[in-house]
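*Asks:* here's my sequence, what's the structure:
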Amino acid sequence: MSNRALKRSGNPNTYKYEREILKKARPCKNPYFWNTTTVHKILDAQEYCGVTVNFKTFSKSYKDNKARLNPPEKQMVFEDTHPPIIDAETWAIVRRMREHKRRTTRHGESGLFSGSAYCSDCGAKLYFHIRQVWNREKTQSHNEGSYSCSEYRKDSQYLSNERKCTCHYIRESILEQLVLDDLRELLTFVSKNEKRFVGLIMDKSRQEQTRETTAKKKTLAKQRRRIEEIDMLIERLYVDNANGKVPDDRYEKMYSKFESEQTAPIQAHEALETEIGVQEEAVDSIDKFLTTVSRYTTEIEKLTPAIVHEFISKIIIHEPEQARGNRRQKVDIIYHRIGKIDLAEWQSVGA
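*Replies:* Numbers count the residues shown, from 1 in each chain. Here you go, the predicted structure:
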């Protein structure tokens, strides 16, 4: 919904006042003004997807009336409790766009890839900036958008002697055309070779999962053994204390030491189990990617922020290289759910 449509419909306080939903509701001075916070709350509300979320807040005791936010893992989500207004996929895209805020420059423009472009060397985000470009006669000019490493720009701004990174400069027009061409080629390949695409992605996922999961499972087994060893030591310590072999003060010291030593392996063990579970379920995400592709029955003519966040997880920009006077720059496009795709390699294999 556009800003104009929101203003025509009136804000929530006006709606509540006119229908006497809240007894203490007061008439608004400007019934068509929407507060930014209100819009943000609507965009973040998962209830519009047809779910009910309980235990969002808690209070420390009955004497404390202050509501505190509960972390997501302590909230309860009930699916399909009412008809959804938007689908979960659209809601997730909006969330990603909200996480990567596209701040405008002093020229009033914002970068198409702001929040999605990253430096290959230091891992920092690339900042979007505008510069004025004049023609040779200095009679006409136009604004040209570009990206560069945020760490490099910070060092340049504060005149730091020690540079953490290099510029990684790339023009937005070039990056936009590169991403658009790659996305078009991918969508064409998927639409013509869906079964082959699924097979290739599954093979790629299995290979990556096998390498990563095998290493993590070895680490998991070591941590599990260490946790069991500490459990046995604590049990023996308790028996020795009960029999009088170990005094109480000594028992307390040793017990605290074993308990603190066991905390780190338990936390790491739980984290690894979660990661392995996520990796083993990664293949299911192919269907979701194909569903996203099926929405685009015609060729994408122009990139929009919504399309970028729907398909692309991140774009990694490498430092350009000069070869025989030609500037070459590597750009890695990481897609949601399927990762980095080398279509040239796949097409050469299938040729």
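*Asks:* any idea how far the residue at the greatest distance from the centre of the chain is from Tyr255?
*Replies:* Among the C-alpha atoms of the chain, the one farthest from their average position, using C-alpha atoms, centre = their mean, is that of Gly244, at 55.9 Å. Taking C-beta to C-beta, to the nearest Å as the measure, Gly244 and Tyr255 are separated by 16 Å. C-betas here are computed from N, CA, C, even on glycine.
*Asks:* how about the residue farthest from the centre of the chain, secondary structure?
*Replies:* coil (DSSP: H, G, I helix; E, B strand; the rest coil).
*Asks:* same check on Met232?
*Replies:* Look at Met232: counting by three-state DSSP, its state is helix.
*Asks:* gap between it and Val133?
*Replies:* The gap separating Met232 from Val133 is 72 Å, by C-beta to C-beta.
*Asks:* ok, now Asn243?
*Replies:* From Asn243 over to Val133 the distance is 85 Å, taken as C-beta to C-beta.
*Asks:* what's near enough to touch the residue sitting nearest the centre point of the chain?
*Replies:* Ranked by distance to the mean C-alpha position of the chain (C-alpha atoms, centre = their mean), the top residue is Arg96 at 6.0 Å. Contacts of Arg96 were listed using C-beta atoms under 8 Å, 6 or more residues apart in numbering, and they are His309.
*Asks:* what is the helix or strand encompassing Tyr152 packed up against?
*Replies:* Under the criterion of DSSP states H and E, Tyr152 resides in helix 150-157. Packing contacts for helix 150-157, counted by 3 or more C-beta pairs under 8 Å, 6 or more residues apart in numbering; DSSP states H and E, involve strand 126-134.
*Asks:* can you pull out the strands in the chain?
*Replies:* In the chain, the strands defined using DSSP state E lie at 52-54, 57-58, 68-69, 76-78, 117-119, 126-134, 141-149, 170-171, 312-317, 321-323, 326-328, 331-335, 339-340.
*Asks:* mind putting the ones you listed into JSON lines with mean pLDDT and distance to Pro305?
*Replies:* Putting the strands of the chain into JSON lines (pLDDT from 0 to 100; distance: least, C-beta to C-beta, whole Å) gives the following:
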{"stretch": "strand 52-54", "mean pLDDT": "88", "distance to Pro305": "27"}
{"stretch": "strand 57-58", "mean pLDDT": "82", "distance to Pro305": "32"}
{"stretch": "strand 68-69", "mean pLDDT": "80", "distance to Pro305": "28"}
{"stretch": "strand 76-78", "mean pLDDT": "86", "distance to Pro305": "28"}
{"stretch": "strand 117-119", "mean pLDDT": "92", "distance to Pro305": "13"}
{"stretch": "strand 126-134", "mean pLDDT": "86", "distance to Pro305": "12"}
{"stretch": "strand 141-149", "mean pLDDT": "87", "distance to Pro305": "14"}
{"stretch": "strand 170-171", "mean pLDDT": "92", "distance to Pro305": "18"}
{"stretch": "strand 312-317", "mean pLDDT": "91", "distance to Pro305": "11"}
{"stretch": "strand 321-323", "mean pLDDT": "77", "distance to Pro305": "30"}
{"stretch": "strand 326-328", "mean pLDDT": "84", "distance to Pro305": "28"}
{"stretch": "strand 331-335", "mean pLDDT": "92", "distance to Pro305": "16"}
{"stretch": "strand 339-340", "mean pLDDT": "85", "distance to Pro305": "21"}
